[in-house]
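Asker: Sequence and predicted structure, then a few things I'm wondering about:
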Amino acid sequence: MDVLNQYGSGLSDDDGDTSDGGPTQTFAKPVVRQYNINTAPDISGHAPSIHELTAYVGPGQREIRYNVPYEVLAQPLAGPTDSKGDFASHTRGPRGNGQAEAHVVDEASFRQQERMFRQHGMANDPGNASGVSRMVVGSNSSNTGASNNRGLRRKAKGQSSIIDGDGAYQGPWAGYEGDTKGVVAGPSAEQLAEYEQRMAQHTDTSVKTGADSAKAAKSKRGNAAGYVEGQEERTTFHGQSERDYQGRTYMHVPTELRQAEVSSCFAPKRLVKEWHNAHAGGVSAIRFIPDSGHLLLSSGMDGQVKIFDTHSSLALLRTYTGHSKAVRDINFAPDGTSFLSSSYDTYTKLWDVETGQCRQRFSAKGRVPYVAKFYPEDPNIFLVGQGDKKIVQWDIRANEIVQEYDQHLGAINSLTFFDSNRRFISTSDDKTMRVWEFGIPVVIKLVADPSMHSVPAVALHPNQKWFVGQSMDNRIVVYSAGERIKPHKRKEFSGHLTAGFACQPSFSPDGKFLTSGDSEGQVWCWDWQTTRVMTKWKAHEKVTIATAWHPRESSRVATCSWDGTIKYWD
């Protein structure tokens, strides 16, 4: 014991014997330790370390009855793992039944993985806690791919002793068998001469007609607001009754179209309907109503917009009048209940499809709107590409411009949304294409090259991975629409003559065919995979300015021309 220092066993010579004759035992003084107790310690200096406060919290614990610092809660999981390196399943909850688990991921990483899964069908596993990168493969139905099945093989390198001719040495620069890259494709010199002569005659006639029209318009010029007298907004219904026996208007979607699904498309072979003199002076654009496609909207050089039935009666239903000059572009709202019309009279107007009423008019200080496009995620927002090199963003509710995109050096020709409507691409007369983040007026990608021509018309592929542009060098060029915007140099569509005309191309609903008009009134149909011409036919007397595939019918295509006619093919 601590109180016992030693136990003496020896005898003392001085003391002698005791009274009882036994030896004498001596004990040392007990030693007691004293402790200093501080009832008011100083705690302002050193704080206890994290390890002294560590309290382990189980993954399945739902309640903590004491305060735990953030550093403790943020510690990585620890515990037994299974054969795959993952933590035991009983600590993470069930997985086989599709239970969702919450994870904290930054916005940039989430968007990158989302694009990867949408394009390639795979992404990083968010539930992998072992720290080793692992891919999870999904069943993305839209991941159809666009591989080229031409099966090109490399040509022979040749012999180094032969300089020119057959068997000449090409080395690593040898091309591919059957490759048409670099081969001049297009009309011959005789065809070009004939075309220039015909266009010269057309130009002389147009100049004479334009001068007469300018004189007549000058005498009819109205008030300072830009309206011509007698050209205020009005509508005319051309049918017998606006409602059927059940009280439904032409906006009602037929049942057979509502349930139809396009599985495979075919090239059209015959003419179903021709609308003669649809617009005086020529048709500028045509658009099918979204999703159902039972209505066809058209705009013309006469300043009018018309809507036709493409399902049952194939008749003209309504005319919308309200522009004093030619209408350049039209665009449906995402729900199909309204549309925008852009005209050379500097006005963009919002119309109701069913009643024909003009809801609102928009004008940006007299700037000419070349193209107008609804934002697919919000029907109250739309973009207008103008002739003053700017793209303006309008808010319908406030009736004012809320954003401007002003990086182009020429008039805006087209606007196309892609990447789940988060980005859009614009083309201009400055021979460039620029990619924008919606709502941010900063260019995130500039596509420009000295060999590029202007691309006035653009179409997006149904799988959202590619888009094509009508180039002014008689080609249709292809660009990827993924995370990186780059040209597909091995895939292009040629053979038609479109230099100087903004002919609008169109894809079939299944993405297998691409159609476009040309300056000679023909319609060309290419195979998307092989870029071969499947068929072509003479459709109009003048330039075929636009083609449009029906979104629900497998082989129906609408075409329009500057000869004032609209034709419906099957």
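Answerer: That came through, no problem.

Asker: can you map out the helices along the chain?
Answerer: 50-53, 70-73, 107-120, 189-219, 255-259 (DSSP state H).

Asker: just checking, what packs against the third one?
Answerer: The helices and strands touching helix 107-120, judged by 3 or more C-beta pairs under 8 Å, 6 or more residues apart in numbering; DSSP states H and E, are strand 122-124. Quick note: C-beta positions are derived from backbone N, CA and C, even for glycine.

Asker: Chain neighbours aside, what residue packs nearest to the most centrally placed residue in the chain?
Answerer: Central residue of the chain (C-alpha atoms, centre = their mean): Phe418, 0.9 Å from the mean position. Of all residues not flanking Phe418 in the chain, Ala481 sits nearest, at 4.6 Å (C-beta to C-beta, 6 or more residues apart in numbering).

Asker: Thr235 too?
Answerer: Closest to Thr235 by C-beta to C-beta, 6+ apart is Gly356, at 2.7 Å.

Asker: Contacts only, for the one you found.
Answerer: Arg234, Thr235, Thr236, Phe237, Arg318, Tyr320 (C-beta atoms under 8 Å, 6 or more residues apart in numbering).

Asker: Inside strands: which ones of those residues?
Answerer: Arg234, Thr235, Thr236, Phe237, Arg318, Tyr320 (DSSP state E).

Asker: between these, which has the most around it?
Answerer: Within those, most neighbours by other C-beta atoms under 10 Å means Tyr320, with 27 neighbours.

Asker: Low-confidence bits of the chain, can you list those?
Answerer: Along the chain, the model assigns pLDDT under 70 to residues 1-35, 42-60, 79-101, 127-152, 179-186, 203-231, 259-260.

Asker: What residues does Ile289 make contact with?
Answerer: Ile289 touches Leu295, Leu296, Leu297, Phe332, Gly336, Val353, counting by C-beta under 8 Å, 6+ apart.

Asker: 10 Å - rerun?
Answerer: Under the criterion of C-beta atoms under 10 Å, 6 or more residues apart in numbering, the contact list for Ile289 reads 251, 253, 295-297, 307, 310, 332-333, 335-337, 339, 353, 551.

Asker: ditto for Ser508
Answerer: 262, 264-267, 462, 514-515, 525, 528, 549-551, 554-555, 557.

Asker: where does it sit relative to Pro462, distance-wise?
Answerer: To Pro462, Ser508 is 8 Å away according to C-beta to C-beta, to the nearest Å.

Asker: so what sits against both of those two?
Answerer: Joint contacts of Ser508 and Pro462 (C-beta under 10 Å, 6+ apart) are Val262, Trp528, Trp549, Pro551.

Asker: And the residues you listed, which is closest to Tyr347?
Answerer: Within the shared contacts of Ser508 and Pro462, the smallest distance to Tyr347 is 29.0 Å, found for Pro551 (C-beta to C-beta).

Asker: Any chance of the backbone angles for the closest residue to the closest one other than its chain neighbours?
Answerer: Leaving aside its chain neighbours, Pro551 sits nearest to Gly293 (4.3 Å; criterion: C-beta to C-beta, 6+ apart). As for Gly293, its main-chain torsions (degrees, to the nearest 10) stand at phi 70, psi 20.

Asker: Test my guess that Gly293 contacts Thr310.
Answerer: Yes - using C-beta atoms under 10 Å, Gly293 is in contact with Thr310, at 6.8 Å.

Asker: joint contacts of those two?
Answerer: Joint contacts of Gly293 and Thr310 (C-beta under 10 Å, 6+ apart) are Leu257, His550, Arg552, Glu553, Arg556, Ala558.

Asker: Any chance of CSV for the residues you listed, columns neighbour count and distance to Ile444?
Answerer: CSV is the format used below for the shared contacts of Gly293 and Thr310 (neighbours: other C-beta atoms under 10 Å; distance: C-beta to C-beta, whole Å):
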residue, neighbour count, distance to Ile444
Leu257, 17, 39
His550, 26, 35
Arg552, 23, 35
Glu553, 20, 37
Arg556, 20, 38
Ala558, 26, 35
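
Asker: Just the ones of the residues you listed in strands?
Answerer: Ala558.

Asker: Out of the shared contacts of Gly293 and Thr310, which comes closest to Val455?
Answerer: Ala558 (22.7 Å).
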